[in-house]
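Student: Dropping the sequence and predicted coords here.
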Amino acid sequence: MGTLRSDAHRRTLRSAIASAALAAFVLLVLPLETAQSAAAKAASQLSESDRTCLACHGAAGLKKKLANRETLALYVDAEAYAHSAHQSMGCAACHSDVDLGKHPRAAKRIESSRAYTVNMAQICRQCHDDKYQQYEGSIHAALLRQGNPIAPVCTDCHGSHDVQRKAASESIEAVPCRKCHEGIYGAYIESVHGRARMKSGPGKAPICADCHRAHDVSPASTGDRPRDACLACHAAAPKAHEAIFPNAARHLEAISCAACHAPTAQRKVDLRLFDAAKNTRVATDERGGAGLEERIRAADAQGKGLDPKNVWTLLKEMNDNGGAGKTTLRGRLEVRSGVEAHQLADKGKAIRECETCHRQGAAPFQTVTISVVGPDGRPVRYEAQKEVLSSALSLDAVRGFYAIGGTRIGLFDILLATALLAGVSVPLLHLLVRRWARGRSRNGGNGGDRQ
């Protein structure tokens, strides 16, 4: 009986070992063979010259020491390259400066990995000059010219050897924008747009490039870009808002979409320096030149925010300096950050209560900034005291934002009501005096006749 049990035990053990070996083969050996097969298949699609390059550059861990002691990875994934948009072009199309007869003996001096990336991006222009010209006018290019070390170039978004088409508009999970804008990406994913995109896929809801564009990326916070981007998809919104607001056009002009459609966001008033003659926002290199920013900062030397007198003096100086009364302030109700601007909710959750803004001491009017357009196209904002909105010195400055009875600026309401009353009463009084004088004249003439 003991022998039978021992034989059964041995058979069970052998069966367990066999099962473990099979599992190990399936989990470890088979995937390795599959990967090797895929790599071999990918390599077979490459030209002979490309395979020659990959004989060295296909070795994992291949790298080069740079002048600044950084390390530049020289490894190229053969399978990723074989499936890239550039596979048919071959290595030499971008690396035409490499002489295989001398390579790698003729070592090239590379100052830094970033310098190499920026320099290699110039090669993209050979085939994609139209896109390159668009990029040159973008905020990314402006930041690069200013020396920003992480400003993206072509390969930062499209990859280098694994170049993919439409990198900024296809996959929400792999969108390159998230590399630098993780906070905004997180807000977008949780927004009504992000959830719709995750559920429905490409083309069903906007992704970064749909609002900001792919190559000529510009700051959406400048000008009317946010509103225009929204209306590009929501063309019926102005008509729909007429059923909600008594003056829908004015609301759409003076209030950002996110101010109502991101209900959890904090709101503020941004007073934009505006050139009425050019119908554009004032930039730091205009109207006062490079000293404009210094003057604004000097006016708020104590860091308490620009007060009404500071603002009045600033506008006076700008207009006396060739402006001729053309520089003013145009107010706009906005959310406080770019992250909050992307926290858009379903339209059913949008703010609809008028008293959110139209009441004394409303929260959005407690935070005020004054802004100009910076060298890279983004707004540069300076803190201002909330009294800037209600001071008598600000009456002319904020006329592009103030609405009688609506913005709840009591002093302005009184002044405007007084002006309106005077405007009506003076002609009326003049008319009454004239009638009284005529009556006196007629009565005096009749009395003379009777004598």
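Tutor: Yes, it's here. Numbering: from 1, shown residues only.
Student: what about residue 159, how many residues close to it?
Tutor: Number of residues near residue 159 (other CB atoms under 10 Å) recorded here: 17. The C-beta positions use only the backbone N, C-alpha and C, and glycine is treated the same way.
Student: who are the neighbours in contact with it?
Tutor: Listed by CB atoms under 8 Å, 6 or more residues apart in numbering, the contact set of residue 159 reads 84, 167.
Student: Give me the secondary structure label for the closest residue to residue 85 other than its chain neighbours.
Tutor: Residue nearest to residue 85 in three dimensions, not counting chain neighbours: residue 163, with 4.7 Å by CB to CB, 6 or more residues apart in numbering. Secondary structure state of residue 163, per DSSP: H, G, I helix; E, B strand; the rest coil, is coil.
Student: same deal with residue 332?
Tutor: Per three-state DSSP, residue 332 ends up strand.
Student: for residue 437, same thing?
Tutor: Put simply, residue 437 is helix when judged by three-state DSSP.
Student: Look at it and say how many residues are nearby.
Tutor: 10.
Student: Please report how far the closest residue to residue 137 other than its chain neighbours lies from residue 135.
Tutor: Spatial nearest neighbour of residue 137, excluding adjacent residues (CB to CB, 6+ apart): residue 216 at 5.3 Å. According to CB to CB, to the nearest Å, residue 216 and residue 135 sit 7 Å apart.
Student: Which one's more surrounded, those two?
Tutor: Neighbours per residue, other CB under 10 Å: of residue 216 and residue 135, the larger number sits with residue 135, 23 against 16.
Student: so what's that one up against?
Tutor: Contacts of residue 135 (CB under 8 Å, 6+ apart): 141, 154, 215, 216.
Student: show me the contacts for the closest residue in space to residue 378 that isn't next to it in sequence.
Tutor: Sequence neighbours aside, residue 219 is the residue nearest to residue 378 in space, at 4.4 Å (criterion: CB to CB, 6+ apart). Going by CB under 8 Å, 6+ apart, residue 219 touches 139, 225, 376, 377, 378, 379.
Student: Of these, which is the nearest to residue 301?
Tutor: Distance to residue 301, by CB to CB, is smallest for residue 379 among those, at 22.2 Å.
Student: could you point out which element follows the lowest-mean-pLDDT helix or strand in the chain?
Tutor: Every helix and strand in the chain was compared by mean pLDDT, DSSP states H and E; the lowest is helix 30-44, with a mean of 50. Note on helix 30-44: by DSSP states H and E, the next helix or strand toward the C-terminus is helix 48-57.
Student: Contacts for that next one, please.
Tutor: Helix 48-57 is contacted by residues 43, 46, 62, 74-76, 78, 81, 90-92, 100, 104 when judged by CB under 8 Å, 6+ apart.
Student: of the residues you listed, closest to residue 428?
Tutor: Using CB to CB, the contacts of helix 48-57 come closest to residue 428 at residue 81, 85.0 Å.
Student: That closest one contacts residue 161, doesn't it?
Tutor: Yes: because the distance of 4.7 Å satisfies CB atoms under 8 Å, residue 81 is recorded as touching residue 161.
Student: who's more crowded, those two?
Tutor: residue 81 (25 against 18).
Student: Roughly how far does the residue nearest to residue 385 when sequence neighbours are not counted sit from residue 368?
Tutor: Spatial nearest neighbour of residue 385, excluding adjacent residues (CB to CB, 6+ apart): residue 305 at 4.4 Å. Distance, residue 305 to residue 368, using CB to CB: 8 Å.
Student: Between these two, which contacts overlap?
Tutor: Joint contacts of residue 305 and residue 368 (CB under 8 Å, 6+ apart) are 383, 384, 385.
Student: In strands, which of those fall?
Tutor: 383, 384 (DSSP state E).
Student: Residue 208 contacts residue 174, doesn't it?
Tutor: No: at 11.8 Å, residue 208 and residue 174 do not qualify as touching, with contact defined as CB under 8 Å.
Student: about what we covered before: and which of the shared contacts of residue 305 and residue 368 is nearest residue 274?
Tutor: Closest to residue 274, out of all of the shared contacts of residue 305 and residue 368 and judged by CB to CB, is residue 384, at 15.3 Å.
Student: right, and that closest one touches residue 306 too?
Tutor: Yes: look at residue 384 against residue 306 with CB under 8 Å: they come within range, at 4.3 Å.
Student: Does the residue nearest to residue 378 belong to a helix, a strand or coil?
Tutor: Under three-state DSSP, residue 219 comes out as coil.
Student: And it, how far from residue 387?
Tutor: Taken as CB to CB, the span from residue 219 to residue 387 is 29 Å.
Student: got it, and residue 58?
Tutor: For residue 58 relative to residue 387 (CB to CB), the value is 68 Å.
Student: Settle it for me: which of the two has more neighbours?
Tutor: residue 58 (18 against 14).
Student: Excluding covalently adjacent residues, which one is nearest to that one?
Tutor: Once flanking residues are discounted, residue 58 sits nearest to residue 78: 5.0 Å by CB to CB, 6+ apart.
Student: Tell me, how many residues neighbour the one you found?
Tutor: Residue 78 has 22 neighbours, counted by other CB under 10 Å.
Student: Give me the distance between it and residue 55.
Tutor: According to CB to CB, residue 78 stands 10 Å off from residue 55.
Student: More neighbours: which of residue 208 and residue 174?
Tutor: residue 208 (21 against 10).
Student: Quickly note the distance from that one to residue 68.
Tutor: Residue 208 is 32 Å from residue 68, where distance means CB to CB.
Student: before we move on, the earlier item: quick one: contacts for the residue nearest to residue 137?
Tutor: Counting by CB under 8 Å, 6+ apart, residue 216 has contacts 134, 135, 137, 138.
Student: burial measure for the closest residue to the last one other than its chain neighbours, as a count.
Tutor: Same thing as residue 138. Spatial nearest neighbour of residue 138, excluding adjacent residues (CB to CB, 6+ apart): residue 217 at 4.4 Å. By other CB under 10 Å, the residues close to residue 217 number 23.
Student: Pick out whichever of the contacts of residue 216 sits closest to residue 109.
Tutor: residue 135 (27.2 Å).
Student: Mind telling me what element that closest one is part of?
Tutor: Using DSSP H and E, residue 135 falls in helix 129-136.
Student: centre of the chain versus the helix or strand following that helix, how much separation?
Tutor: For helix 129-136, the following helix or strand on the C-terminal side (DSSP H and E) is helix 139-145. With CA atoms, centre = their mean, to the nearest Å as the basis, helix 139-145 stands 14 Å off its chain's centre.
Student: as a whole number, average confidence for helix 139-145?
Tutor: For helix 139-145, mean pLDDT rounds to 92.
Student: buried stuff in it?
Tutor: Within helix 139-145, the residues scored as buried using 16 or more other CB atoms under 10 Å are 139, 140, 141, 142, 143, 144.
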